[in-house]
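Visitor: 3D model of this:
(2 chains)
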Amino acid sequence: MRLSRFFLPVLKESPKEAEIVSHRLMLRAGMIKQQAAGSYSWLPLGFRVLQKVVKIIEQEQDRSGAIELLMPTVQSADLWRESGRYDAYGKEMLRIEDRHERDMLYGPTNEEMVTDIFRTYVKSYKDLPLNLYHVQWKFRDEVRPRFGTMRSREFLMKDAYSFDLDEAGAVRAFQRMFVAYLRTFHRMGLVGIPMRADTGPIGGDMSYEFHVLADTGESGVFLHKDLVDKPIPGSDIDFRGDLSPIFEDWTSLFAATDEMTDDAAFEAAVPADKRLKARGIEVGHIFYFGTKYSEPMKASVTGPDGREVLVHMGSYGIGPTRVVPAIIEASHDDAGIIWPVSVAPFEAMLINLKAGDAATDEACASLYAELEAAGIDTLYDDRDAPAGAKFATADLIGIPYQILLGPRGLKDGQAEIKHRKTGEREMLPLSGAVARLKALIEPQRRDKV
RNA sequence: CGGAGUAUAGCGCAGCCUGGUAGCGCACCUGCUUCGGGAGCAGGGGGUCGAGUGUUCGAAUCACUCUACUCCGACCA
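Guide: Numbers count the residues shown, from 1 in each chain, chains lettered A, B, ... in the order given. Prediction:
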């Protein structure tokens, strides 16, 4: 993509409403624009990141055996009356009336609707286990939206719903999601630590929140230090096999939010040198809630013995529109964002240090063509701007690798590659630069981790 | 929902106290000079001062009402 043909409204100064670093950087990097309280447009750069995050989530959901579909944002109130949540949900639910004066709502979650789909079609235990998910916009009329897309009212959520014959099956489904979530966050360059959590209004018995550690996190978290760099299951993990050893390995170490524990319990459970008290951003939440919805909504199957049984359900959410700022909170410096390659809006940025100079333009154009041919997703800064402004933009928007070419380098037949994360610079013969870049990027690609 | 604030050009702000018809920096446009870490000079465009009502000869400025947004607390992916 040529920058001169892209839409990238970067800001030199940060709007005053942005209090936390991710919000500030997302505004400055031209990723989002606020449209109302808790409501954001995703501008092209931000949308690229969001799409990459969603792609990783989908890949790991699919790998774990979940099946993607898409349900509407606007739902009929009737389903929610069946489950009893139409009255229970309160003011957080945006209620809408259509022209026929029917009660509708903008979905804050989809348990009712997916249960309705399930009960319509699934009649036999032979069709279980089943896990259906979608990635769809939600609306929760938060009392106080804040921190940009970290806590917005309209937000994107991947929500998965598992259906099993009994509790043992549901626990296996829960463990599959648990492992899928470990992998999902890891692939985005995040350390997502599962913590015992409160079940909240969705209800249920077993619940883990996945938290990214960051000073700006909204929750206090207590955890065993060893969880921070615990190895993540690889892409060869067999989701049809027994995942309970992994589950137990992770959950045997203490980790809980401040809603679930306190200093005394923490100190009793974890030796002093292993205690880590921090702030966490909740990026995912998984629940097992048994027959909470299948019972009122009559979602049952015929079991092997011919008897009708209510299915045991769980639900599993990740908020991509929150994950993006969480990644920034975890990975930035004074100059701007530092994207992991797997979610970066572009993998490389080619900087023409003297746009308008015929020889440099030509050399950059051919280098750009070479980068594209090599499959490197490149943003080519071909603007007629001072070099300093180009560097500032490249650093701000956090492209992992910058490749610099100007008259000086051209004279020596050399290009410079700069690593955004480390600041390291290498001079390379022009002919070898693309190969070098490819070697750097490829192992970090999202499908390789 | 309770508490505290803010609202003047795309962004950041001054002007308000003490009423006299709007200004600065950045951004934007034109030209020239520049270009290896957010360029310089010259010229230029853009605002019914959040909305309404009132006070006044006259309101960005004073009064009242409303709206939007932000921050702090209780809730949530």
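
Visitor: what's the neighbour count on A:L43?
Guide: 18 (other Cβ atoms under 10 Å). Placement of C-beta: from N, CA and C, glycine included.

Visitor: and it, what does it touch?
Guide: A:7-9, A:30-33 (Cβ atoms under 8 Å, 6 or more residues apart in numbering).

Visitor: Tell me which of those residues fall in strands.
Guide: A:32-33 (DSSP state E).

Visitor: Which of the contacts of A:L43 sits closest to RNA strand B?
Guide: Lowest distance from RNA strand B to these (Cβ to the nearest atom of the strand) belongs to A:P9, with 7.8 Å.

Visitor: Name all residues that make contact with the residue nearest to that closest one when sequence neighbours are not counted.
Guide: Distance criterion Cβ to Cβ, 6 or more residues apart in numbering; nearest residue to A:P9, sequence neighbours excluded, is A:G30 at 4.3 Å. Contact analysis of A:G30 by Cβ under 8 Å, 6+ apart lists A:7-11, A:43, A:45-46, A:397.

Visitor: out of those residues, who's near RNA strand B?
Guide: A:10-11 (Cβ under 7 Å from any atom of the strand).

Visitor: Need the buried ones from the contacts of A:G30 selected in ChimeraX.
Guide: Of the contacts of A:G30, the buried ones go into a single ChimeraX selection, burial set by 16 or more other Cβ atoms under 10 Å:
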select /A:8,10,43,45,46,397
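
Visitor: Please flag which of the contacts of A:G30 sit within helices.
Guide: A:45-46, A:397 (DSSP state H).

Visitor: Next, find the distance separating A:M313 from A:T115.
Guide: Distance of A:M313 to A:T115, computed by Cβ to Cβ, to the nearest Å: 7 Å.

Visitor: got any residues that touch both of these two?
Guide: With Cβ under 8 Å, 6+ apart, A:M313 and A:T115 have common neighbours A:161, A:293-294, A:299.

Visitor: The residues you listed in strands, which ones?
Guide: A:Y161.

Visitor: Name the member of the shared contacts of A:M313 and A:T115 with the shortest distance to RNA strand B.
Guide: When the shared contacts of A:M313 and A:T115 are compared against RNA strand B (criterion: Cβ to the nearest atom of the strand), the nearest one is A:Y161, at 13.1 Å.

Visitor: so who does the residue nearest to that closest one when sequence neighbours are not counted touch?
Guide: Nearest non-adjacent residue to A:Y161, counting by Cβ to Cβ, 6+ apart: A:V114, 4.5 Å away. By Cβ under 8 Å, 6+ apart, the contact list for A:V114 reads A:71, A:132, A:161.

Visitor: Just the buried residues of the shared contacts of A:M313 and A:T115.
Guide: Buried among those by 16+ other Cβ under 10 Å: A:161, A:293-294, A:299.

Visitor: Does the lowest-mean-pLDDT helix or strand in chain A reach RNA strand B?
Guide: The helix or strand of chain A with the lowest confidence, counting by mean pLDDT, DSSP states H and E, is helix A:85-88 at a mean of 88. No. Applying Cβ under 7 Å from any atom of the strand, one finds helix A:85-88 out of contact with RNA strand B, separated by at least 11.2 Å.

Visitor: May I see the buried residues of the helix or strand following that helix?
Guide: Next helix or strand after helix A:85-88 toward the C-terminus (DSSP states H and E): strand A:94-97. Residues of strand A:94-97 classed as buried by neighbour count (16+ other Cβ under 10 Å): A:L94.
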